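Visitor: Turn this into a structure:
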Amino acid sequence: MPSAKPNDTSPFYQPLPSDPQSPEHLYQQPQYVIVLPYHCHLHRRLLHCRRLLCIAAVLPFLVAATCILWPSDPELSIVRLRLDGLQIHTLPEISLDIKLNLTVKVRNRDFYSIDYDSLAVAIGYRGDRLGYVTSNRGYVRARGQSYVNATLQLDGVEILSDVILLLEDLAKGSVPFDTVTEIDGKLGVFFFNIPLKAKLSCEIIVNAHNQTIDHQSCYPE
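Guide: All right, here's what the predicted structure looks like:
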């Protein structure tokens, strides 16, 4: 005889809660549940990541702007040096009269203008200083360049030890000169004037036939 299957529609019975006055209920320790706000920590992490990304994106631009806007010394170069006059005197002592015309180029690489108070050029021959010339004050615009013309007239220069070498250089057609160019001025950065000073030393070979520069080697100091 087949067994009877339980009826699925039978009522569901749930046990009643324990008596609150029972000893077990009275001595039961209270239980607490702490719910952490997980969404707040996630939001803070997202904000922190966004800040780091913003800093990483802006930092290269700040470094590039600093490199571009940082003041630098002007570039100096001798673009022309002509030996327009040379006369040798033997009485009362051996001396020379020399006339040199030269042009100095001042190039401003910065985004600020330059006001220079003076530009001095000293000329020497084989380590012996012949003389120097000083120009008046001038102005070089931002990212621009300026040409300064100067004439050095030397009368009665005594170079007894180098007279023979000078005559040999003139016969060869090339005369070596040493030049030292210095500029003193101010760099106008916004509302401030920053003092600047640049110095350039050059070794120049002048062609005695056409009065042009055959070779020039310069280095800043």
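
Visitor: Am I right that Leu166 is in a helix?
Guide: Yes. Under DSSP: H, G, I helix; E, B strand; the rest coil, Leu166 falls within a helix.

Visitor: Just give me the neighbour total for it.
Guide: 18 (other Cβ atoms under 10 Å). (C-beta placed from N, C-alpha, C; glycine too.)

Visitor: Look at it and report its pLDDT.
Guide: For Leu166, the model assigns a pLDDT of 80.

Visitor: Repeat that for the one 4 residues further on.
Guide: For Leu170, the pLDDT comes out at 81.

Visitor: Could you report the neighbour count for it?
Guide: Neighbours around Leu170, by other Cβ under 10 Å: 15.

Visitor: Now the helix or strand harbouring it: buried residues?
Guide: For Leu170, the host element (DSSP states H and E) is helix 163-172. By 16 or more other Cβ atoms under 10 Å, the buried positions in helix 163-172 come out as 166, 169.

Visitor: List the contacts of it.
Guide: Outside helix 163-172, the residues that touch it by Cβ atoms under 8 Å, 6 or more residues apart in numbering are 86, 88, 94, 96, 125-126, 159, 175-176, 208.

Visitor: low-scoring stretches of this structure, by residue?
Guide: Applying pLDDT under 70 to the chain flags the ranges 1-43, 63-71, 94, 158-161, 189-190.

Visitor: could you pull out the helices for it?
Guide: Under the criterion DSSP state H, the chain contains helices at 23-26, 38-69, 163-172.

Visitor: residues touching Lys197, list them.
Guide: Counting by Cβ under 8 Å, 6+ apart, Lys197 touches 73, 182-185.

Visitor: Strands - which of the residues you listed land there?
Guide: Assigned to strands by DSSP state E, the following of the contacts of Lys197 qualify: 182-185.

Visitor: OK, contacts around Tyr132?
Guide: With contact taken as Cβ under 8 Å, 6+ apart, Tyr132 is in contact with 120-123, 152.

Visitor: how much space between it and His48?
Guide: 63 Å (Cβ to Cβ, to the nearest Å).

Visitor: re the thing from before, which member of the ones in strands among the contacts of Lys197 is positioned nearest Gln145?
Guide: Gln145 lies nearest to Ile183 out of the ones in strands among the contacts of Lys197, by Cβ to Cβ, at 12.9 Å.

Visitor: Show me the beta-bridge partners of that closest one.
Guide: Beta-bridge partners for Ile183, by DSSP bridges, are Leu119, Ala198.

Visitor: quick one, what contacts it?
Guide: Contacts of Ile183 by Cβ under 8 Å, 6+ apart are 74, 76, 106, 116, 118-120, 196-199.

Visitor: cutoff 6 Å now
Guide: Listed by Cβ atoms under 6 Å, 6 or more residues apart in numbering, the contact partners of Ile183 are 116, 119, 198.

Visitor: Report the separation between it and Leu165.
Guide: In this view, Ile183 and Leu165 are 31 Å apart by Cβ to Cβ.
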